[in-house]
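Student: build me a model from this:
(chains A and B)
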Amino acid sequence: MNFDLIRQATAEEIEAWIVTRIAEMVNVAPAAVSPDAPFDSFGIDSAKAISLMVELENWLNLPDELPLELLFEAEAIRDAAAGIAAAVTDMAAQQAQGSAAQ
Amino acid sequence: MMQDEQIEYGGSAAAIRHHYDVGNDFYSAWLDPTMTYSSAMWDGLPRDAPLEEAQQRKLAYHAESVGAAEGMRILDVGCGWGGMMRNLRRSYGVAECVGLTLSEEQLAYIERLGDPGIGAVLSNWHDYRPDKPFDAIISVGAFEHFAHPQQSVDERRGVYREFFQACRDWTAGKGRLSLQTIAYGKMSPEDANPFISNEIFPAAELPTLEDIVVASKGLFRIERLRDDGLDYARTCEMWSNKLRGAVRSGLVDPAIHPVEKYSRYLRMSAAGFRMRKIGLLRIAFAAE
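Tutor: Numbers count the residues shown, from 1 in each chain, chains lettered A, B, ... in the order given. Sure thing, here's the model as predicted:
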């Protein structure tokens, strides 16, 4: 299997990515998607929410799934992005440790 | 796909096989070692407790809900791979467990356990006729399959009532029943996702809490009721991660097994629980 390096995006970059993707999904301009609003306030169904998570994981080149609670339990998209950025940093550290061990 | 078939009572056998006979090997790659294919329980455990421990907690919860004790005879409706029955025998000294399943693979698996105190019967609850009464009944993750999407609310409640009546009869009107089932939460049946309803669980319809309250009225008293939807969200996420790991380590081959379909199903279910569209009811009943 090809272990691509994890994209260590910042919380701001992840927030912008999520805002853009939500805007596409609900067909509004990105400016209409407030990062201070919770993810579940946009009427996105569970199938679309999972598609968004999978696309985000692919964009970040993550070897593991992101916990869904990072998206669903956060009070705002901004907090979700910060939580995801922290999880990505952890995964990248594990990846570095794994390749150093080899 | 299923609509031309007759509605079968107690869960459509073809539908159950559609889901569960994908192969024991496939499920064993991502379930915990007890092969428990229903929500675990983290109540009373640390937040980061592993899946296997939380599955044991769930087994103990149901055993204690029915007051499992030495010498008892307990029926498990929808026994899966027998994890509940093994635990009842091992940890509570239950004399005899009988499990109902509609899956031939599960039946064969349980028979191979070789415990004379554990029996499995290939039957749905509607056609089952025990030869002697049970002290208690446990049913985890089966109730979801009892009703059919084409039935009206009254018809569905009628089926559920028949089930509660059967449970009352099988325990000679004095037993306890511990039920665990997914139920509609904020979502209504019309909003059900077609991928889940058609591809994963064809011919199944979830109950609402109201259905259960109405259907059990006068037969069983609800002693305790919990909605542990977040437990199921976490369980699905752990399964999904384990499935991904199994693919990575070569234990599961995506060319043979429906990896992507299950991965999507597990994560969508997790999202449904997290969004409270669906919930996980754990209900302790006592005959009245």
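
Student: which stretches of chain B form helices?
Tutor: Taking DSSP state H as the test, the helices found in chain B are B:13-20, B:24-30, B:51-65, B:83-92, B:104-113, B:153-170, B:194, B:209-216, B:229-248, B:259-274.

Student: for residue B:185, give me phi and psi.
Tutor: phi -110, psi -110 (degrees, to the nearest 10).

Student: so the nearest residue to residue B:185 once chain neighbours are set aside bridges to which residues?
Tutor: For residue B:185, ignoring the flanking residues on the chain, the nearest one in space by CB to CB, 6 or more residues apart in numbering or on different chains is residue B:279 at 4.1 Å. Placement of C-beta: from N, CA and C, glycine included. Taking DSSP bridges as the rule, residue B:279 bridges to residue B:183.

Student: so what's residue B:279 up against?
Tutor: Going by CB atoms under 8 Å, 6 or more residues apart in numbering or on different chains, residue B:279 touches B:182-185, B:209, B:227-229, B:273.

Student: only the buried subset of those, as a PyMOL command please.
Tutor: To isolate the buried ones among the contacts of residue B:279 in PyMOL, judged by 16 or more other CB atoms under 10 Å in any protein chain shown, type:
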select buried, chain B and resi 182+183+184+185+209+227+228+229+273
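
Student: from the contacts of residue B:279, which is closest to chain A?
Tutor: Of all the contacts of residue B:279, residue B:273 has the smallest distance to chain A: 9.0 Å, by CB to the nearest CB.

Student: list the contacts of that closest one.
Tutor: B:229-230, B:232-233, B:236, B:279-280 are the contacts of residue B:273 under CB under 8 Å, 6+ apart.

Student: at 6 Å instead, please
Tutor: Shown in contact with residue B:273 (CB atoms under 6 Å, 6 or more residues apart in numbering or on different chains): B:229, B:232-233.

Student: find me the pLDDT at it, would you?
Tutor: pLDDT recorded at residue B:273 is 92.

Student: kindly report the same for residue B:173.
Tutor: Note for residue B:173: predicted pLDDT of 93.

Student: just residue B:22 next, same as before
Tutor: Per-residue pLDDT puts residue B:22 at 65.

Student: so where's chain B uncertain?
Tutor: Where chain B drops to pLDDT under 70, the residues are B:1-22, B:190-203.

Student: follow-up on the earlier one: nearest to residue A:97, of the contacts of residue B:273?
Tutor: Nearest to residue A:97, judged by CB to CB, of the contacts of residue B:273 is residue B:233 at 28.8 Å.

Student: ok, how many other residues are close to residue A:51?
Tutor: When counting by other CB atoms under 10 Å in any protein chain shown, one arrives at 17 neighbours for residue A:51.

Student: what helix or strand is it on?
Tutor: Applying DSSP states H and E as the criterion places residue A:51 in helix A:46-59.

Student: in stretch A:74-87, what counts as buried?
Tutor: By neighbour count on 16+ other CB under 10 Å, the buried set for stretch A:74-87 is A:74, A:76-85, A:87.

Student: picking that back up, what's the closest of the contacts of residue B:279 to residue B:53?
Tutor: Checking these against residue B:53 by CB to CB gives residue B:228 as the nearest, at 15.6 Å.

Student: which ones are touching the closest one?
Tutor: With CB under 6 Å, 6+ apart, residue B:228 has these contacts: B:280, B:282.

Student: quick one on the thing from earlier: could you point out which element follows the helix holding residue A:51?
Tutor: Sequence order places helix A:69-72 as the next helix or strand after helix A:46-59, per DSSP H and E.

Student: please see if that next one touches chain B.
Tutor: Yes: for helix A:69-72, a contact with chain B is found by CB under 6 Å from any CB of the partner chain, at residue A:72.

Student: apart from its neighbours in sequence, what residue is nearest residue B:49?
Tutor: When the adjacent residues along the chain are set aside, residue B:49 lies closest to residue B:42, with 6.1 Å between them (CB to CB, 6+ apart).

Student: residues from chain A in reach of chain B?
Tutor: Proximity of chain A to chain B is confined to A:40, A:46-47, A:49-50, A:65, A:68, A:72 under the rule CB under 6 Å from any CB.
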